[in-house]
Each structure stands twice: as C-alpha cells, then as structure tokens.
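>>> generate coordinates for the sequence data below:
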Amino acid sequence: MIVLHARPSPGFRAEVDNVFGPGVVTHVDEAASLESVAGEITTLLHVLTPVTAEFIASAPNLKLIQKIGVGVNTIALDAAREHGVAVCNMPGTNSQAVAEMALSLMMGVLRRTCFFDARTRGGEGWTADPAELDNVGEIAGRTIGLVGFGNSAQRLAPVLKALGAKVVYTARSPHDVDYEFWPLEQMVAECDILSLHIPLTEETRGTIDPLAMKAGAVLVNTARGELVDEERLNRALASGHLRGAGLDVFMREPLDPSNPLLARSNVVLAPHIAWLTPETLTRSLTVAHENCRRLTANEPLLHQVI
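Next up is the predicted model:
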C-alpha cells in the first residue's frame, strides 16, 4: 500500500492519479493518524506531518519513506535506520519554486507590497502618509547574501545579479562561480538582505541571530524556521533594527495566533508554501513514482538518505 499523508488540493489529487494511476495511492489527511494503515503500508509519501519512531515501529511492512521535498528533519531517521526503512528525498524538484518565492518575499518586503495593498483596498492608498514611502527600496545596489548555495540559491543568484544586486554566498566550501564567497559571520554583519537556503541540522539550528544582522537589513527564510532565533527576530523587528522579514517557515507550524509576527506590518508571511506549485508537484510525483517502481524491482533508489 502506497499512502500519501497530506491535505492535497483537487489538482494535487488529480496529478497523483495521473502519475501513479487512479486509486493506486491511498490518501490520509495530514491531520489524521496513520494508525489505520500501519499494518498494510509499504511506502509513505511524506510531506510535512512528522513521521515518528512510534509509527515506524508499528508498520511492519513499511519499506520506504519518500519525502516530497528535500528536508528530512521531520522524519525519525534513527528509527528508520533501525527498522531497515529506506528514506529518500528529491533535491532539485522544488528549487525553481523556492527561488521564485525567495525573490517575491524580498521584493514584497522592500516595496511593502502587503502594507500598500491593505491601504489601497481600504480606500487609503492615495492618502497614506507620504513618509511611508521613505521605507521602500529596490533590489539594485544591495548586497544580498545567500546562506547555502544549493539548487534554489543557484537559480536565484543570477536573477538577483541581473537586477543589479551584489550577490555573495556561503556554503560548506567555495564553488567555482562568479560570486564572492563570504564567511557566515561576515554575511550576517554586512549584507543588506540575508536569504536562507540551508537544511536544518543540529549544527544549523538557531544559527542566525537577527540582532547580529546589519541595521536596516532584511531577512528572508524559505528554508526552516528553526534556523533563526525567533524571539530575537521579533525583538529586531519591533525595535526597527531590521527593516523587515519575509518568512515562509517558522519555529512552530502552524503559527500560534498569539505570535507577534502576525501583527507586524514590516513582515510578509506565507504558510510554508514556497515549494508548493503544480509544476513542483509534477516533478516530485514523477520521482516518487520512479522510486516506488525501483523498490518493487529491487533496484537502487534515487536520492536515498538512509
């Protein structure tokens, strides 16, 4: 049994049937437990709901956890290893969507798109305080730091350069590219915009301190919320130390209604959808289908993490 644990849109459901065949994949809502399918499931198509050690231990026929995306921090990897369950991801399938979202968040913060949209809808667009326009800006002329230089960052970099930005990056080691490699500490202290493109690990958790960023800078996060000290982010935004932030991910998801980020006009928010486009889903489901075929044929799996 192949199970998709998600809350798919009608288009997502249709594409699952198109790629796998009608009725081949069993759908379980992301808010529901997988307990009812634990005895039969062989492959789990995993999106965001954590895959726990308890579930893995309860599923004797489970052979593959296929992440629809890249990050595997929501999977109990040690338990998968202990029970002989393969874990695969699919790097590159969502890089175009994430790169575009990062760019849109940068521009949304710099141009205060949400603020002016709300004022215009409220009949106050043309009568807004002219001082509000003192807080807008352009990509051109700014130094933009890409923290991590994987697929999404590599797609984003030339676009930013074409718009007139100075692009710098950090990674585990320098790449043979036309952008400067900076240490992370220098990027945090000197970049006008910092965009996060690294996985969440114990080493990267909390690695970005917003209060250590350049005064007036912008933080963009389409990677993982736990990379950033969110309490210090709120302080940096409230004090005006940061110009703003564009956030698709958070320390706790869904966002608690009491989270101060929700009340900040200098923040553009999205519900962890940077990766989620119909085009991404088609690419992702194609990889997932191929790995299911390979599992059945006892062939090497694509992008196996464990």
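
>>> got phi/psi on Asn266?
phi -100, psi 20 (degrees, to the nearest 10).

>>> thought it was touching Leu237?
Yes - between Asn266 and Leu237 there is a contact under Cβ atoms under 8 Å: 6.1 Å. In this view, the C-beta of every residue, glycine as well, is placed from N, C-alpha and C.

>>> quick check: neighbours shared by these two?
Taking Cβ atoms under 8 Å, 6 or more residues apart in numbering as the criterion, Asn266 and Leu237 both touch 244-245.

>>> neighbour count: the two, which is higher?
Taking other Cβ atoms under 10 Å, Asn266 and Leu237 do not tie; Leu237 has more neighbours (21 against 17).

>>> I'd guess the more buried one is in a helix, am I close?
Yes - counting by DSSP: H, G, I helix; E, B strand; the rest coil, Leu237 is found in a helix.

>>> thought it was touching Gly244?
Yes - if you go by Cβ under 8 Å, Leu237 and Gly244 touch, sitting 7.2 Å apart.

>>> list residues touching both of the two?
With Cβ under 8 Å, 6+ apart, Leu237 and Gly244 have common neighbours 266-267.

>>> for Met187, which non-adjacent residue is spatially closest?
Spatial nearest neighbour of Met187, chain neighbours left out: Gly145 (3.8 Å); criterion: Cβ to Cβ, 6 or more residues apart in numbering.

>>> for the one you found, give me phi and psi.
According to degrees, to the nearest 10, Gly145 has phi -100, psi 130.

>>> now do the contacts for the spatially closest residue to Thr93 that is not a sequence neighbour.
Spatial nearest neighbour of Thr93, excluding adjacent residues (Cβ to Cβ, 6+ apart): Arg283 at 4.2 Å. Each residue near Arg283 by Cβ under 8 Å, 6+ apart is listed here: 90, 93-94.

>>> can you give the distance from whichever helix in the chain runs longest to the centre of its chain?
Taking DSSP state H as the criterion, the chain has its longest helix at helix 278-297. Distance of helix 278-297 from the chain centroid (Cα atoms, centre = their mean, to the nearest Å) equals 20 Å.

>>> quick one: buried residues of it?
Residues 280-281, 283-285, 287-289, 291-292, 294-295 are the ones in helix 278-297 that count as buried (16 or more other Cβ atoms under 10 Å).

>>> out of those, the closest to Val28 would be?
Lowest distance from Val28 to the buried residues of helix 278-297 (Cβ to Cβ) belongs to Ala288, with 15.5 Å.
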